[in-house]
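[1] need a 3D model of the sequence below.
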Amino acid sequence: MFGGYLSYLRNGGHNVSAAVDVRQASTQAGTLRPDLVFLDFGDPSPTGLALLRELRSDIRLGAIPVVLLASFEALEDARAGLELGACDYVIKTETSAPALARCVSGWARNRLTPAGMVSMRQPASA
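    As a prediction, this is how the structure comes out:
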């Protein structure tokens, strides 16, 4: 399902980078300094919460909006993530790729200046 979101966002002109695990996501966040991070809670994941804590405690990355993608089984983790500073969460089975793309625009507009790991930087205009 996450791959469908990534494809839709890429087709919409966003620069998207995905990480296969928490360690890679942490490295990419430090290197890319993304405008928005999607943190996929595919299963209950204490490592996902640890990554969120890490992002929030890093002075360079702490202001990056984090949106949690959760299943119903991971809803408690998503709620815990909100308490740790995530700006929102979406239920994967209830959110289509087009709906998520519309939300991305809202999260970016309301920036806070808002995995996988997703960089939402728009390509530079010519």
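[2] now do residue 36: how many residues are near it, please.
    Residue neighbour count, defined by other CB atoms under 10 Å, stands at 22 for residue 36. To be clear about C-beta, it is placed using only N, CA and C from the backbone, and glycine gets the same treatment.
[3] if you could redo that for residue 100, that was the one I meant.
    18.
[4] quickly find the element holding it.
    Applying DSSP states H and E as the criterion places residue 100 in helix 97-109.
[5] spatially central residue for this protein, please.
    Closest to where the C-alpha atoms of the chain average out (CA atoms, centre = their mean) is residue 38, at 1.1 Å.
[6] mind jotting down where the helices sit in the protein?
    Assigned by DSSP state H, the chain shows helices spanning 2-11, 22-32, 46-57, 75-83, 97-109.
[7] follow-up on the earlier one: tell me the mean pLDDT over the helix holding residue 100?
    Here helix 97-109 scores 71 as its mean pLDDT.
[8] do stretch 53-65 as well
    Here the average pLDDT along stretch 53-65 is 89.
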